[in-house]
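Engineer: pasting the sequence and the predicted coordinates here, then a few questions.
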Amino acid sequence: MTSSRPFSLKTCGFGLYFFALLMMAVFPPLYLSVSGSPRLILGIPLPIFYWILIAVLLGVGVAALYLVESASGDIPEDLQP
């Protein structure tokens, strides 16, 4: 069930994507650069929009990973909806 190559392009690509999101969430200079801003984006203050954006990008990444894993047959049939 597991891939024979632990460092495939899929693993590295999604790993880098999720690492970038992790850095957006926990690296203080990134958040501090937007934390004091009074700007509004879609009627939402920029610091709150920053966290919503991270959550949305995380959901998109998980959904994309699921679709890629399903298409490649890495998810067992009994676990698929």
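Structural biologist: Right, received. Where do you want to start?
Engineer: which residues touch the least confident helix or strand in the chain by mean pLDDT?
Structural biologist: Counting by mean pLDDT, DSSP states H and E, the chain has its least confident helix or strand at helix 28-35, which shows a mean of 83. Residues outside helix 28-35 that contact it (C-beta atoms under 8 Å, 6 or more residues apart in numbering) are 23, 24, 46, 47, 50. Where C-beta positions appear, they are placed from N, C-alpha and C, glycine not excepted.
Engineer: distance of residue 75 relative to residue 25?
Structural biologist: 27 Å (C-beta to C-beta, to the nearest Å).
Engineer: from residue 7, how far off is the residue positioned nearest the centre of the chain?
Structural biologist: Centroid-nearest residue in the chain: residue 58, 3.0 Å away (criterion: C-alpha atoms, centre = their mean). Per C-beta to C-beta, residue 58 is found 23 Å from residue 7.
Engineer: likewise residue 50?
Structural biologist: Remark: distance between residue 50 and residue 7 (C-beta to C-beta) = 32 Å.
Engineer: those two: which has the busier surroundings?
Structural biologist: The residue with more neighbours, out of residue 50 and residue 7, is residue 50; 19 against 9, by other C-beta atoms under 10 Å.
Engineer: and the helix or strand hosting the more buried one, what does it pack onto?
Structural biologist: Using DSSP states H and E, residue 50 sits within helix 46-72. Counting by 3 or more C-beta pairs under 8 Å, 6 or more residues apart in numbering; DSSP states H and E, the packing neighbours recorded for helix 46-72 are helix 9-26, helix 28-35.
Engineer: same thing but 10 Å
Structural biologist: helix 9-26, helix 28-35, strand 40-41, strand 44-45 (3 or more C-beta pairs under 10 Å, 6 or more residues apart in numbering; DSSP states H and E).
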